[in-house]
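Enquirer: Show me how the following folds:
(chains A and B)
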Amino acid sequence: MKELLELLEHDARRSIKELAAMLNKSEYEIEEAMKRLEQDKIIMNYNTLIDWEKAGEHTVTSVIEVNVAPQREVGFDAIAERIYRFDEVKSVYLMSGSFDLLVIIEGQSLNKVADFVARRLSTIEGVTSTRSHFMLKAYKKDGTIMDDKENDRRLVMTP
Amino acid sequence: MKDWQKTLSQTVNQVPPSGIRRFFDVAAKMEDVITLGIGEPDFVTPWHIRESCVYGLEKGYTSYSSNKGMLPLRQEISNLYKREYKIEYDPETEIIVTVGVSEAVDLAMRAVLDPGDEVLIPEPCYVSYKSCVILAGGTAVPVPTGIDNEFRVTAADLEKYVTPKTKVLLIGYPNNPTGTVLTKTEMEGLAAFAKKHDLIVMSDEIYGDLTYGGLEHICFSTLPDMKDRTIVFNGFSKAYAMTGWRLGYALANPVFIEAMNKIHQYTMLCAPITAQLAGIEALQNGEVNMKKMVQEYDRRRHLIYEGFCRMGLETFEPKGAFYIFPKISSTGLSSEEFVEQLLQREHVAVIPGNAFGASGEGFIRCSYATSIDKIAAALKRIENFLQHI
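Expert: Got it, this is the predicted structure:
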């Protein structure tokens, strides 16, 4: 099971046939396992990692440190939910350390992101302060090096 | 004009030319060639190992090391064998670090062979064994093996070729090119044979870590009474994806190690210190990455084995290294014809089995040290080739 997940995490487009051969299982077993993993929401989604810069679509990403006043009963969860429901918000994490929530926002321009922080995020009740950082360049994303210059330098045939 | 060829030593002239050179020249010029012909990992050396070498250079590690290699490296090697195989090798006297296993094989042969001494070499086998024996002045005695026994050599096979002049048995399991692994009982058979004829055993275990399907590699010297008469070769190239670093080692009794060191100190002096630093890092912190690579090879092994079975080529499941050795004689082509035509028509590079000895004729060696996508694409092309043959 873990091996299947690792393979899919690395490349979700592998065919059932290939996965079955690689893991020495039947295609039926793989199909059933995947169905179950999807139903149990262990497999949440099959995403594609895209270099939007290269595709000519320029977006702005901001990493925002948010301090909040936790609420009785629900702690940070209710405020986190109010934040993560916005489409602009890509990720939200509860953190230890000098701030509480790490919020990652993607927008089409600096203005739009700034506007979202000022009008939407900062004004949420319980948010006590925000500190925004704009991302300048992505070197590595989710385990993938964006512009990897290491290629196969081996000779074509060796004993 | 003077015929310089005639001025060469007779020994060198005895060494046969490479069996893959002419295919290499064709393949190297093709743009869309998919190669299953490479005998080295497709992984780049893990970053933490490379980084430790860079750090060493920054700190000024640019000198010679002791002939036998840096003591901390020999200590790590000793620890590894204690940990993995429960066998003790004294880092001071029983270990020598060499420039790859290739040098270690050469040193061992030169250390023990006199003209006329014979070396039993089960074939198919790695291409350098025979040449190392010839260059050391010995006589290589190939012992053929076949697919009926999955290319495992047995004491009965060896008995047919042993003579009073036989001095060494040279084995290499997991095997390049066949992927064959021996069981403990089979190894014990070879050990009894070596004892009976009082032979030195040289065991090339460079692919030892690449053993699959729940099998565990058995170090030959751990068999009863074998430690003293066995020279074990191992290195970093395959398990740690460090081929270009040229780093290997030999484990043996102090007399053999001292003799090998005598040759090593006058011909090589020491292995590059940069590679030795990287080797220390690999042994101290490289196991996690190594296990990951082994797991990935294992998946590819399943994929390629299933692929060849589906095509209807007779093949057996390889249990080690990263090679598969399908039989292609049913096509009516020789190994070399098959390789040449496959290369020309489908632009897939594989190695003819006969490059590894006469008993490899009728087979091809395919390496699965390449990405899943490339393996899948190559299999498709080979299938297409077989349909139009």
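Enquirer: From here on, just use CA atoms for contacts and neighbour counts.
Expert: Fine.
Enquirer: How about the closest residue to chain A within chain B, nearest residue that isn't a chain neighbour?
Expert: The minimum distance from chain B to chain A, using Cα to the nearest Cα, falls at residue B:299 (4.3 Å). Ranked by Cα to Cα, 6 or more residues apart in numbering or on different chains and with sequence neighbours excluded, the top spatial neighbour of residue B:299 is residue A:22, at 4.3 Å.
Enquirer: ok, now which ones touch the one you found?
Expert: Contacts for residue A:22 (Cα atoms under 8 Å, 6 or more residues apart in numbering or on different chains) come out as B:298-303.
Enquirer: Closest one of the residues you listed to residue B:177?
Expert: Using Cα to Cα, the shortest approach to residue B:177 within those belongs to residue B:301, at 13.9 Å.
Enquirer: ok, the closest one - contacts?
Expert: Residues counted as contacts of residue B:301 (Cα under 8 Å, 6+ apart) are A:22, B:318, B:322, B:324, B:368.
Enquirer: in what helix or strand does it lie?
Expert: Taking DSSP states H and E as the definition, one finds residue B:301 inside helix B:287-311.
Enquirer: now residue A:104
Expert: Taking DSSP H and E as the criterion, residue A:104 maps to strand A:101-107.
Enquirer: following that strand, which helix or strand shows up next?
Expert: Past strand A:101-107, heading to the C-terminal end, the next element that is a helix or strand (DSSP H and E) is helix A:110-116.
Enquirer: and that next one, which residues are buried?
Expert: Of all the residues in helix A:110-116, those buried under the rule 16 or more other Cα atoms under 10 Å in any protein chain shown are A:113, A:116.
Enquirer: helices or strands next to that helix in the packing?
Expert: Contacting helix A:110-116 under the criterion 3 or more Cα pairs under 8 Å, 6 or more residues apart in numbering or on different chains; DSSP states H and E are the following elements: strand A:60-68, strand A:101-107.
Enquirer: so how far is that helix from its chain's centroid?
Expert: Between the mean C-alpha location of helix A:110-116 and the chain-wide mean there is a distance of 21 Å, by Cα atoms, centre = their mean, to the nearest Å.
Enquirer: CA atoms of it as PDB?
Expert: Provided in PDB are the C-alpha atoms of helix A:110-116 (Å, rounded to 0.1, in the frame of the first residue of the first chain):
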ATOM      1  CA  LEU A 110       0.800  42.300  -6.400                       C
ATOM      2  CA  ASN A 111      -2.100  44.700  -6.100                       C
ATOM      3  CA  LYS A 112      -4.600  41.900  -6.000                       C
ATOM      4  CA  VAL A 113      -2.700  40.000  -3.300                       C
ATOM      5  CA  ALA A 114      -2.200  43.100  -1.200                       C
ATOM      6  CA  ASP A 115      -5.800  44.000  -1.600                       C
ATOM      7  CA  PHE A 116      -6.800  40.500  -0.400                       C
END
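Enquirer: So residue B:208, which state does it fall into?
Expert: coil (DSSP: H, G, I helix; E, B strand; the rest coil).
Enquirer: Excluding sequence neighbours, find me the nearest residue to it.
Expert: Excluding the flanking residues, the one nearest residue B:208 by Cα to Cα, 6+ apart is residue B:217, at 5.6 Å.
Enquirer: Can you show me the strands along chain A?
Expert: Listed from the start of the chain, chain A has strands (DSSP state E) covering A:60-68, A:89-94, A:101-107, A:127-134, A:140-141, A:144-145.
Enquirer: hang on, I meant the stretch 201-350 of chain B
Expert: Remark: strands assigned in the stretch 201-350 of chain B by DSSP state E, counting those that start in this stretch are B:230-235, B:248-251, B:323-324, B:348-349.
Enquirer: next one: the first one to chain centre, how far?
Expert: Pointing back at strand B:230-235 there. Averaging C-alpha coordinates over strand B:230-235 and over its chain gives two centres that are 11 Å apart (Cα atoms, centre = their mean).
Enquirer: Give me the contact list for it.
Expert: Counting contacts by Cα under 8 Å, 6+ apart, the residues outside strand B:230-235 that touch it are B:100-101, B:104-105, B:108, B:200-206, B:219-221, B:247-253.
Enquirer: By proximity to chain B, which residue of chain A wins?
Expert: With Cα to the nearest Cα as the measure, the residue in chain A that lies nearest chain B is residue A:22; the distance is 4.3 Å.
Enquirer: distance of the residue nearest to residue B:299 from residue B:379?
Expert: As defined by Cα to Cα, to the nearest Å, residue A:22 lies at a distance of 14 Å from residue B:379.
Enquirer: Next to chain B, which bits of chain A? Give me the list.
Expert: Within chain A, the positions lying close to chain B (Cα under 8 Å from any Cα of the partner chain) are A:18, A:21-24, A:152, A:154-159.
Enquirer: Packing partners of the longest helix along chain A?
Expert: Taking DSSP state H as the assignment, the helix of chain A that covers the most residues is helix A:27-39. Using 3+ Cα pairs under 8 Å, 6+ apart as the contact criterion, the secondary-structure elements in contact with helix A:27-39 are helix A:16-23.
Enquirer: Can you list the buried residues in the helix it packs on?
Expert: When burial is assessed from 16+ other Cα under 10 Å, helix A:16-23 yields the following buried residues: A:16, A:18-23.
Enquirer: want to throw those residues into TSV with pLDDT?
Expert: Written out in TSV, the entries for the buried residues of helix A:16-23 read as follows (pLDDT from 0 to 100):
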residue	pLDDT
A:16	96
A:18	93
A:19	96
A:20	96
A:21	94
A:22	94
A:23	95
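Enquirer: Name the residues of the stretch 1-150 of chain B found near chain A, please.
Expert: Counting by Cα under 8 Å from any Cα, the residues of the stretch 1-150 of chain B close to chain A are B:20, B:24, B:27-28, B:35-40, B:42, B:126-127.
Enquirer: Grab the nearest non-local neighbour of the spatially most central residue of chain A.
Expert: Among the residues of chain A, residue A:91 comes closest to the average C-alpha position under Cα atoms, centre = their mean, at 6.5 Å. Here the nearest residue to residue A:91 in space, its sequence neighbours aside, is residue A:104; by Cα to Cα, 6+ apart that works out to 5.1 Å.
Enquirer: Run a quick neighbour tally on the one you found.
Expert: 21 (other Cα atoms under 10 Å in any protein chain shown).
Enquirer: Tell me the bridge partners for it.
Expert: residue A:63, residue A:91 (DSSP bridges).
Enquirer: Next, the residues that contact stretch A:63-81 from outside, please.
Expert: Contact with stretch A:63-81 is made by A:92, A:94, A:99-105, A:124, A:126-135, as judged by Cα under 8 Å, 6+ apart.
Enquirer: let me redo that: stretch B:379-389
Expert: Under the criterion Cα under 8 Å, 6+ apart, residues B:304, B:307-308, B:311, B:331, B:342, B:345-346, B:348 lie in contact with stretch B:379-389.
Enquirer: Let me have these in a markdown table, extended by distance to residue A:139, pLDDT and neighbour count.
Expert: Converted to a markdown table, the contacts of stretch B:379-389 look like this (distance: Cα to Cα, whole Å; pLDDT from 0 to 100; neighbours: other Cα atoms under 10 Å in any protein chain shown):
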| residue | distance to residue A:139 | pLDDT | neighbour count |
| --- | --- | --- | --- |
| B:304 | 34 | 97 | 25 |
| B:307 | 37 | 96 | 21 |
| B:308 | 40 | 97 | 20 |
| B:311 | 43 | 94 | 15 |
| B:331 | 50 | 96 | 13 |
| B:342 | 40 | 97 | 20 |
| B:345 | 41 | 97 | 13 |
| B:346 | 37 | 97 | 18 |
| B:348 | 34 | 97 | 25 |
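Enquirer: Looking at the residues you listed, spot the one nearest residue B:259.
Expert: Once Cα to Cα is applied, the member of these that ends up nearest residue B:259 is residue B:304, at 43.1 Å.
Enquirer: Assess the claim that that closest one and residue B:374 are in contact.
Expert: No: the pair residue B:304 and residue B:374 does not pass the contact test of Cα atoms under 8 Å, sitting 10.7 Å apart.
Enquirer: Alright, I will stop here.
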